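# Pasting a predicted model and its sequence here:
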Amino acid sequence: MKINKCFKHAFNMVLHSKLRSWLTITGIVIGVAAVIAIVSIGAGMQESMNAQLNALGGDIVTISPGFERGGGMFGQRGGGGEPQATTKAIVLGRSDLQALKGLPDIALIDTNIRGSVDISYLGKTGKVSVTGVDQKVWSQITTTKIKTGRMLDSADQNVIVVGGRLAASYFIQPIGINKMVMINSSAFRVVGILDDQTNSVYMPIQMAYQLIPEKTNDIYDTLVVKIKNQDLLDEAITNIQNKLMISRHVTSNKMDFSITSRKEMQQTRADTMNSMNTFLLAIAAVSLIVGSIGIANTMFTSVLEKTKEIGIMKAIGAQNKDILLIFLFNAAFIGLVGGIIGIILGTILSGFMPALMGGLPLGRGTAVVTFNSIAMALSVSVTVGILAGIIPAYQASKLKPVDALRYE
Amino acid sequence: METIMELQDVWKIYRMGEVEVPALRGVSVKIKKGDFVAIIGASGSGKSTMMNLIGCLDIPSKGKIYLKSHDISLLSESDLASLRGKTIGFIFQQYHLIPSMSAFENVMLPLEFLEYNDREAAKRTREILTLVGLSDKMHHRPSQLSGGQQQRVSIARSLVSDPEIILADEPTGALDSVTGREVLEMLHRLWKEHGKTIITVTHDPNLAKYAHTIIELKDGEILRISENHEVN
């Protein structure tokens, strides 16, 4: 029998065992939909993460005091704490800043300090984190966009830029541009509201030194460095490290500062996400396997149910290969239809998923259904169908016509 | 007349657990091309077993069966299926039509196995269905046809590939006497006008009257072979 005729008979078999075929197809649909949804969400997260990486600036490097070495931090990140009894507190200071300024790889350096402050607005108070920044460079280094107002300016004093959430909903009344807020009993004018969802407050570093009592002038919590050429990031990090080791008189195994790049942070996040994706894919794969067992089950039942028809076909000239192909195509067809419906359902699901996962940090971004994931889902579902159909189809093809005809 | 099929000392032994039950014991017979043969006998005489062997649906435990001088036990399953498809048309007592297919599709099926081209197969199918008087019922499913009509579809299917042998297993067994007679007339016409070799297994004495050669079986052996000279 010609291949197209085998396919036609397989198709008719599916059509004439509607309910059972559709139940089996449902099993595959669920498996494929799960795979598509997970792969698409994964691809979506990857894409949004790449976008974030670019937005965050792959060219930003953060230097902090202390060094993480196996057991924990050496030195104090805060830098402003009580000096330890035996050693001097490990801090980043003016000398480090000077040392870095001499490096040709560096475009800009922002000096940061951080602390907790009391904030009050229209009689309501709260506690927020304030970051003192070098207002001359901060606007060029930060990747957060301004929503309303402006960034800090080099001539600014007693002004702040606040995070989007702080402005919108921290207090009963939203904070608007040019409103005055009290921070640790000093009045500050809000000049800008950031396009983010944080409660952070940014102010010129000199003002922050005055507000945060435990901070000492010219001692920084972090130095945020923008390097000139993002492609030479690793090289720049090495140069920064060498320069600081010389200026701080430390060797590589006694390093008392850490350098992290946002690229590195993103990489860590990507690794976490990949493991999560793999885990979810494994779950989806299990449902595909369950679906394929469903196909095998349906095919075995179908062979039993059609034993007499197989006998008739053989009596009137069907060869073993014809019967084998008809049953294999039947199984593949179930897989294919399941795959197609699964892709549609999975695409719809992946559209909803980011909204459902909105609360999770990894849930940001949209799902992307790629050609690859569709091709993969289709080939997997058809392969699963064929694999599940091999044994039943082989059994059917090997039936003796005389026994099959006698079967009741 | 040329011999189209020959059974030489054919035995068929079924194993029932430890016990061996011979259904045919050393049957030897030659069937001539263009003959109308009726195999008769009581229930359990070995008729159905002989029918399965003649139809190449089964192979003998001992002995040789030659179909058009091919020893069927030496053929591969595929070659046997192919030879069967080309040479033998089956008519079954219970019609054995495929319920999900229309009369047209059922009749065309053997041609699909023989890889006829679609146009030729469809033309041939229409001709044969018209020959058996079902030109207006071509697209009916078996469940939409009467017993007699289903048997005619079954006859059409047996004829469509123009086989030399028509093998009919109790073709009138499930039909009322009038319809049964129509089917017998049709078989007679196929024998007389189309020169087919008709082999039928029956216990219907009416059918036996239509046959030229009557092989009588008893307990798995040929009791007698007689010729009916009245038939013509």
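Received, thanks.
# C-alpha from now on. contacts and neighbour counts both.
Fine.
# mind listing the helices for the stretch 301-408 of chain A?
Ranges of helices in the stretch 301-408 of chain A, per DSSP state H, counting those that start in this stretch, are A:307-315, A:320-356, A:371-397, A:401-406.
# whoops, the stretch 1-150 of chain A was the one
Secondary structure of the stretch 1-150 of chain A, counting by DSSP H, counting those that start in this stretch: helices at A:3-16, A:18-56, A:94-101, A:138-141.
# Looking at those helices, which one is packed in the most?
The highest average neighbour count among these, using mean count of other C-alpha atoms under 10 Å in any protein chain shown, belongs to helix A:18-56 at a mean of 22.
# Identify whichever of the helices of the stretch 1-150 of chain A lies nearest to B:Met101.
Across these, B:Met101 has its closest neighbour in helix A:3-16 (8.6 Å, C-alpha to C-alpha).
# tell me the contacts of the residue of the stretch 251-400 of chain A found nearest chain B?
Scanning the stretch 251-400 of chain A for proximity to chain B using C-alpha to the nearest C-alpha identifies A:Gly317 as nearest, at 3.8 Å. Shown in contact with A:Gly317 (C-alpha atoms under 8 Å, 6 or more residues apart in numbering or on different chains): B:81-86, B:110, B:113-114.
# And it, how close does it get to A:Gly311?
10 Å (C-alpha to C-alpha, to the nearest Å).
# For the residue of the stretch 251-400 of chain A closest to chain B, give me the backbone phi and psi.
With angles defined as degrees, to the nearest 10, A:Gly317 sits at phi 120, psi 0.
# Show me the shaky parts of the chain.
Picking chain A for this. By pLDDT under 70, the low-scoring segments of chain A are A:50-57, A:68-88, A:353-367.
# looking at chain B here, not the other one
Using pLDDT under 70, the flagged stretches of chain B are B:232.
# Now that B:Ser78 has come up, it's in contact with A:Gln319, right?
Yes: counting by C-alpha atoms under 8 Å, B:Ser78 touches A:Gln319, with 5.2 Å between them.
# so what's residue 28 up against?
By default, I'm working from chain A. A:Ile28 is in contact with A:287-288, A:291-292, A:335, A:338-339, A:342, A:381, counting by C-alpha under 8 Å, 6+ apart.
# actually it's chain B I care about, not the one you picked
B:6-10.
# Skipping its backbone neighbours, what lies nearest the residue of chain B found nearest chain A in space?
Closest residue of chain B to chain A, C-alpha to the nearest C-alpha: B:Gly85 (3.8 Å). Nearest residue to B:Gly85 in three dimensions, chain neighbours excluded: A:Gly317, at 3.8 Å (C-alpha to C-alpha, 6 or more residues apart in numbering or on different chains).
# which parts of chain B sit against chain A?
B:52, B:57-58, B:77-78, B:81-86, B:88-90, B:96-98, B:100, B:110, B:112-115, B:158 (C-alpha under 8 Å from any C-alpha of the partner chain).
# how near is the residue of the stretch 251-400 of chain A closest to chain B to B:Met186?
23 Å.
# And A:Gln157, by the same measure?
Distance from A:Gln157 to B:Met186, by C-alpha to C-alpha: 113 Å.
# Give the other helices and strands that the longest helix seen in chain B contacts.
Ranked by number of residues, the top helix in chain B under DSSP state H is helix B:177-194. Applying 3 or more C-alpha pairs under 8 Å, 6 or more residues apart in numbering or on different chains; DSSP states H and E, we find helix B:177-194 packed against helix B:147-159, strand B:197-202, helix B:205-210.
# Run through the neighbouring helices and strands of the first one.
Contact here means 3+ C-alpha pairs under 8 Å, 6+ apart; on that basis helix B:147-159 packs against strand B:88-91, helix B:103-113, helix B:118-131, helix B:177-194.
# can you dump the C-alpha coordinates of stretch B:101-115 into CSV?
Output in CSV follows, covering the C-alpha atoms of stretch B:101-115 (Å, rounded to 0.1, in the frame of the first residue of the first chain):
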residue,chain,number,x,y,z
MET,B,101,-15.7,2.7,5.6
SER,B,102,-18.3,3.2,2.9
ALA,B,103,-19.2,0.4,0.5
PHE,B,104,-17.0,2.2,-2.1
GLU,B,105,-14.0,2.4,0.3
ASN,B,106,-14.5,-1.3,1.3
VAL,B,107,-14.5,-2.4,-2.3
MET,B,108,-11.6,-0.3,-3.2
LEU,B,109,-9.4,-1.5,-0.3
PRO,B,110,-7.8,-4.5,-2.1
LEU,B,111,-6.8,-2.3,-4.9
GLU,B,112,-5.1,0.1,-2.5
PHE,B,113,-3.1,-2.8,-1.1
LEU,B,114,-2.1,-3.7,-4.7
GLU,B,115,-1.1,-0.1,-5.2
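# Buried ones in that stretch, by neighbour count?
B:101-114 (16 or more other C-alpha atoms under 10 Å in any protein chain shown).
# now the closest residue to A:Val224 other than its chain neighbours: how far from chain B?
In space, and not counting its chain neighbours, A:Val224 is closest to A:Thr62: 4.6 Å by C-alpha to C-alpha, 6+ apart. For A:Thr62, the distance to chain B equals 73 Å [C-alpha to the nearest C-alpha, to the nearest Å].
# again with A:Met245
82 Å.
# Could you do A:Ile237 as well?
73 Å.
# so which strand or helix has that residue?
helix A:233-248 (DSSP states H and E).
# again, but for B:Ile225
In this assignment (DSSP H and E), B:Ile225 forms part of strand B:221-227.
# what about the nearest residue to B:Pro163 once chain neighbours are set aside, how many neighbours?
Leaving aside its sequence neighbours, B:Pro163 sits nearest to B:Thr87 (C-alpha to C-alpha, 6+ apart; 4.4 Å). Number of residues near B:Thr87 (other C-alpha atoms under 10 Å in any protein chain shown) recorded here: 20.
# quick one: B:Thr87 from A:Glu214, how far?
Taken as C-alpha to C-alpha, the span from B:Thr87 to A:Glu214 is 105 Å.
# just A:Phe67 next, same as before
22 Å.
# Which residues belonging to the longest helix of chain B are considered buried?
In helix B:177-194, counting by 16+ other C-alpha under 10 Å, buried: B:179-180, B:183-184, B:186-188, B:190-191.
# can you give me how far it is from the chain middle?
Centroid separation between helix B:177-194 and its chain, computed with C-alpha atoms, centre = their mean, to the nearest Å, is 14 Å.
# try stretch B:24-36
13 Å.
# Stretch A:120-139 too?
Put simply, stretch A:120-139 sits 30 Å off its chain's centre (C-alpha atoms, centre = their mean).
# re the thing from before, show me which of B:Ser78 and A:Gln319 is the more surrounded one.
Set side by side, B:Ser78 and A:Gln319 show more neighbours around A:Gln319, with 23 against 16, by other C-alpha under 10 Å.
# My guess is that one contacts B:Gly85. True?
No: A:Gln319 sits out of contact with B:Gly85 when judged by C-alpha under 8 Å, with a separation of 9.4 Å.
# Does the helix or strand in which A:Ala187 is found pack against any helices or strands, and if so which?
Assessed by DSSP H and E, A:Ala187 sits inside strand A:186-194. On a contact count with 3+ C-alpha pairs under 8 Å, 6+ apart, strand A:186-194 meets strand A:146-149, strand A:159-162, strand A:180-183.
# got the buried residues for the first one?
Counting neighbours by 16+ other C-alpha under 10 Å, one finds that the buried residues in strand A:146-149 are A:Ile146.
# same for it, what does it pack against?
strand A:186-194.
# Now the strand it packs on - C-alpha only, CSV.
Below are the C-alpha coordinates for strand A:186-194, written out as CSV (Å, rounded to 0.1, in the frame of the first residue of the first chain):
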residue,chain,number,x,y,z
SER,A,186,16.5,68.8,58.1
ALA,A,187,14.3,70.0,55.3
PHE,A,188,14.9,68.8,51.8
ARG,A,189,13.3,69.7,48.5
VAL,A,190,12.3,66.9,46.2
VAL,A,191,13.6,67.7,42.7
GLY,A,192,13.1,64.4,41.0
ILE,A,193,11.1,61.3,41.2
LEU,A,194,12.6,58.1,39.8
